[in-house]
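Chemist: missing the sequence, but the structure's below:
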């Protein structure tokens with residue numbers, strides 16, 4: 001799938017590929033983990049390049065082209 005954020009088309013910074021798999025990862029913090037509050041941490045969107053498997057992280061949700 002191809003993605004963009006705002007008016008910017010996403011390209012892999014390593015191989016310049018433009019197709020990715022989208023997934024989500026939790027951004028853990030020491031304080032929340034120490035208190036057992038991992039569920040309260042924010043999530044980031046990741047795009048995994050189909051060609052080289054480089055992972056790009058985004059705080060705003062990339063949109064499909």
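Modeler: Perfect, thanks for sending it. Here the structure is a predicted model, which is why all the values come from computation and not from measurement.
Chemist: and the residue most central in space within the chain, what does it touch?
Modeler: By CA atoms, centre = their mean, the mean C-alpha position of the chain lies nearest to residue 46, the distance being 1.7 Å. Contact criterion CB atoms under 8 Å, 6 or more residues apart in numbering gives 22, 23, 24, 25, 55, 56, 57, 58 as the residues in contact with residue 46. To be clear about C-beta, it is placed using only N, CA and C from the backbone, and glycine gets the same treatment.
Chemist: State the distance from the last one to residue 6.
Modeler: Distance of residue 58 to residue 6, given as CB to CB, to the nearest Å: 11 Å.
Chemist: where's residue 27 relative to residue 43, distance?
Modeler: In this view, residue 27 and residue 43 are 7 Å apart by CB to CB.
Chemist: Am I right that residue 64 is in contact with residue 10?
Modeler: No - contact criterion CB atoms under 8 Å: residue 64 and residue 10 do not qualify, at 10.5 Å.
Chemist: any shared contact partners between these two?
Modeler: What both residue 64 and residue 10 touch, as defined by CB under 8 Å, 6+ apart, is the set 2, 3.
Chemist: Those two: which is more packed in?
Modeler: residue 10 (20 against 9; other CB atoms under 10 Å).
Chemist: what residues are up against the more buried one?
Modeler: Neighbouring residues of residue 10 by CB under 8 Å, 6+ apart: 2, 3, 4, 18, 20, 47, 56, 62.
Chemist: neighbour-wise, which of those leads?
Modeler: Each of the contacts of residue 10 was scored for neighbours by other CB under 10 Å, and residue 20 scores highest at 23 neighbours.
Chemist: and that one, what are its bridge partners?
Modeler: On DSSP bridges, the residues paired with residue 20 through beta bridges are residue 49.
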